[in-house]
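In: coordinates only, sequence not included:
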Ligand SMILES: CNc1ncnc2c1ncn2[C@@H]1O[C@H](COP(=O)(O)O)[C@@H](O)[C@H]1O
Ligand SMILES: [Zn+2]
């Protein structure tokens, strides 16, 4: 890619809606963590999947285990969160919804409440430092930890939604999709929804989740993560597609994550194409920019080169993401204004 093209993708204002904190840690910060903890004897090749490499989804989850060993104190969490926010800002992201799973106190030495407070502190510090990005937080539920922990996490998220000055806006359901069943999480998700938390749920990330997706769609969620196997061409069903379309639920699409995790065979065969042709609201996201060695500019550029999108179309894609965010109306309006002001400087 020539420099002008690279600059274009970095300069377009972007919205990132699907980013897991510990999967988003960049190379430099990761190396700092590794150097801080020499006793763990972790090589940096174990914390990232480089370009050209692919892993099974299961192997991806092994990578998170390694990263969690490296990020296990308040100091680490604060540093990681600040650097991730700064990196997104440097990549031209103007609005970011970060998500992270508060881990058990035995794993981090800090309570789940303190874990969330630490991430919020990082967001606050970045704001004070006038980093040019609006950051919101989604509290994540790891499905591997079962429904009781999920309910506990929802209650915590509820408290923070009321006390964080609008920073905590929603709940994420993530973790290894082959573990557990969505039906067990319905009470916790229903409760979250009833109290006003927005729901961003990983759905149909693997082929075996049809029944689960049908159940979850009845909540319904406010956004869908991946949705790789919803449509009939990928083994999904018309019923699933109809529900998603009728309810107009935006999809968070993460090209490199899906290609490197081998849930889609290639960029060309990514389901972006299917949903884009349906004109369904779809938002390009990174998922885990650290683990998958990418950034949001690169994802936009890959989508454009793979699917032949014009610069106008790329711009519309990034602008459309504003309305898919969980930001309050006033913030959406401000972002729209920002996009309108920047447009003549970037699209000429
Ligand atoms: C690749 N596709 C994916 N599918 C499902 N869950 C994923 C994921 N990528 C990341 N996570 C979830 O995010 C956690 C790491 O960030 P946090 O410690 O929460 O900040 C992982 O442990 C997993 O639960
Ligand atoms: Zn994800």
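Out: Structure received. Just so it is clear, the structure is predicted and the values come from calculations on it, not from any experiment. Ligands and ions are numbered 1, 2, ... in the order given.

In: In this structure residue 264 contacts residue 271, no?
Out: Yes - the pair residue 264 and residue 271 qualifies as a contact (CB atoms under 8 Å) at a distance of 6.9 Å. Placement of C-beta: from N, CA and C, glycine included.

In: ok, then the element right after the lowest-mean-pLDDT helix or strand in the chain?
Out: One helix or strand of the chain scores below all others by mean pLDDT, DSSP states H and E: helix 105-108, with a mean of 90. Moving toward the C-terminus from helix 105-108, the next helix or strand (DSSP states H and E) is helix 112-128.

In: That next one packs against which elements?
Out: Judged by 3 or more CB pairs under 8 Å, 6 or more residues apart in numbering; DSSP states H and E, helix 112-128 is in contact with helix 74-90, strand 93-100, strand 134-142, helix 146-163.

In: repeat that for 6 Å
Out: helix 74-90 (3 or more CB pairs under 6 Å, 6 or more residues apart in numbering; DSSP states H and E).

In: Quick check: buried residues in the helix it packs on?
Out: For helix 74-90, the neighbour count (16 or more other CB atoms under 10 Å) marks 76-77, 79-89 as buried.

In: Contacts for that helix, please.
Out: Helix 74-90 has contacts (CB atoms under 6 Å, 6 or more residues apart in numbering) with 16, 24-26, 29, 71, 96, 110, 118-119, 122, 126, 131-133, 135.

In: Show me the two of these that sit farthest apart.
Out: Across the contacts of helix 74-90, no pair lies farther apart than 110 and 132, at 29.5 Å, counting by CB to CB.

In: okay, now the residue in the stretch 151-300 of the chain positioned nearest to ligand 1: neighbour count?
Out: Closest contact between the stretch 151-300 of the chain and ligand 1, by CB to the nearest ligand atom, is at residue 174 (3.5 Å). Neighbour count of residue 174, defined by other CB atoms under 10 Å: 24.

In: what about the nearest residue to it once chain neighbours are set aside, which helix or strand?
Out: Once flanking residues are discounted, residue 174 sits nearest to residue 202: 4.8 Å by CB to CB, 6 or more residues apart in numbering. Element membership for residue 202, per DSSP H and E: strand 198-203.

In: List of residues touching that strand?
Out: Residues outside strand 198-203 that contact it (CB under 6 Å, 6+ apart): 138, 169-174, 193, 213, 216, 221-227, 326.

In: now the angle from the helix or strand just after that strand to strand 198-203?
Out: Downstream of strand 198-203, the first helix or strand assigned by DSSP H and E is helix 210-217. Put simply, helix 210-217 runs at 170 degrees to strand 198-203, going by axes from the mean of the first three to the mean of the last three CA atoms, to 10 degrees.

In: what about helix 210-217, near ligand 1?
Out: No - Helix 210-217 stays clear of ligand 1 (CB under 6 Å from any ligand atom), getting no nearer than 13.5 Å.

In: one step back: go through the contacts of helix 74-90 and say which is closest to residue 305.
Out: Using CB to CB, residue 16 is the member of the contacts of helix 74-90 that lies nearest residue 305, at 19.9 Å.

In: Just the element for the closest one, please.
Out: Going by DSSP H and E, residue 16 is part of strand 14-20.

In: Which among the contacts of helix 74-90 count as buried?
Out: Buried among the contacts of helix 74-90 (16+ other CB under 10 Å): 16, 24-26, 29, 71, 96, 110, 118-119, 122, 126, 131, 133, 135.

In: tilt between the strand holding residue 202 and helix 146-163?
Out: Using the same axes, to 10 degrees: strand 198-203 against helix 146-163 is 150 degrees.

In: partners of strand 198-203, with directions?
Out: Partners of strand 198-203 in the sheet, by DSSP bridges, are strand 168-174 (parallel), strand 223-226 (parallel).

In: I figured residue 342 hits residue 11, correct?
Out: No - Residue 342 lies out of contact with residue 11 (CB atoms under 6 Å); the separation is 8.0 Å.

In: The strand holding residue 16 versus strand 93-100: what angle between them?
Out: 10 degrees.

In: Just say which of the strands paired with strand 198-203 is most tucked in.
Out: strand 223-226 (a mean of 27; mean count of other CB atoms under 10 Å).

In: Show residues contacting that strand.
Out: Strand 223-226 has contacts (CB under 6 Å, 6+ apart) with 18, 200, 202-203, 205, 249-252.

In: and if you look at stretch 294-307?
Out: By CB under 6 Å, 6+ apart, stretch 294-307 touches 9-10, 14, 16, 91, 93, 255-256, 267-268, 273, 284, 286, 289, 314.

In: Contact residues of the stretch 101-250 of the chain facing ligand 1?
Out: 101, 140, 142, 174-175, 202, 205.

In: mind running it again at 8 Å?
Out: Taking CB under 8 Å from any ligand atom as the contact definition, the stretch 101-250 of the chain meets ligand 1 at 101, 103, 140, 142-144, 174-177, 202, 205, 225-226.

In: ok, residue 179 - how many residues close by?
Out: Other residues close to residue 179 by other CB under 10 Å number 12.

In: Isn't it up against residue 144?
Out: Yes - under the criterion of CB under 6 Å, residue 179 makes contact with residue 144 at 4.9 Å.

In: Which two of the residues of the stretch 101-250 of the chain next to ligand 1 have the greatest separation?
Out: Across those, the longest distance by CB to CB is 22.7 Å; it joins 103 and 226.

In: picking that back up, quick check: beta-bridge partners of the residue of the stretch 151-300 of the chain closest to ligand 1?
Out: Following DSSP bridges, residue 174 is listed with bridge partners residue 142.
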